[in-house]
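Visitor: need a structure here:
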Amino acid sequence: MDLTVVTYAVYLLICLGLTIWVARTLSRNGQVFLADVLHGDEKLAGAVNHLLVVGFYLVNLGFVALYLQDDTAVTTAREVFETLSRKLGVVLLVLGVMHLGNVYALNKFRRRGMADRGQLPPVAPQGWHPVPQGYPVPQGPWAAPTGQ
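Guide: Here you go, the predicted model:
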């Protein structure tokens, strides 16, 4: 059998296994993070998590398929390992960059959500404090009610 075909088969098996393992790990551990980003909405977090996993599979497996072809002939066991290490190294780097990109984007959403939550007063206003005697009464859209 041609060693190039063996290299392709081993490459596909390893990449498929790595993709499934990484997707499951990210999905399982990302659920809590997504729930926090989405203000505790577990149903929405589950849906977003599922969509991210599907997108992860599509992008990664598409890249693995496109990166399968190699113009060099593999004729020795050494070349099998060298080709596999080069291809797997690139796939792992792409997986890592995709993961970091997702975490960066979700962290931006999380920070924005935390900032929005922090802008609400902890207690609703209960009334107006009158302007002390001798101070000018503010005018305009920010003026306190006059009681008329």
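
Visitor: Distance check, the closest residue to Val6 other than its chain neighbours against Thr19.
Guide: Setting aside the residues directly before and after it, Val6 is nearest to Val80 in space (C-beta to C-beta, 6 or more residues apart in numbering), at 6.6 Å. Where you see a C-beta, it was placed from the backbone N, CA and C, and this is true even at glycine. Per C-beta to C-beta, to the nearest Å, Val80 is found 21 Å from Thr19.

Visitor: likewise His39?
Guide: Going from His39 to Thr19 by C-beta to C-beta gives 31 Å.

Visitor: Which of the two has more residues huddled nearby?
Guide: Of the pair His39 and Thr19, Thr19 is the one with more neighbours under other C-beta atoms under 10 Å, namely 19 against 13.

Visitor: List the residues that contact that one.
Guide: Shown in contact with Thr19 (C-beta atoms under 8 Å, 6 or more residues apart in numbering): 56-57, 60-61, 64, 95.

Visitor: Restricted to strands, list the residues you listed.
Guide: With strands taken from DSSP state E, there is no overlap with the contacts of Thr19.

Visitor: Reformat those residues into TSV and put pLDDT next to each item.
Guide: Listed next are these as TSV, based on pLDDT from 0 to 100:
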residue	pLDDT
Phe56	89
Tyr57	92
Asn60	90
Leu61	91
Val64	91
Leu95	84
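
Visitor: Sort out which of these are in helices and list them.
Guide: Assigned to helices by DSSP state H, the following of the contacts of Thr19 qualify: 56-57, 60-61, 64, 95.

Visitor: Reformat those residues as CSV; add distance to Phe33.
Guide: Shown next, in CSV, are the ones in helices among the contacts of Thr19 (distance: C-beta to C-beta, whole Å):
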residue, distance to Phe33
Phe56, 15
Tyr57, 19
Asn60, 20
Leu61, 24
Val64, 26
Leu95, 18
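
Visitor: with those in mind, which one is nearest to Val48?
Guide: Phe56 (12.3 Å; C-beta to C-beta).

Visitor: Lovely, talk soon.
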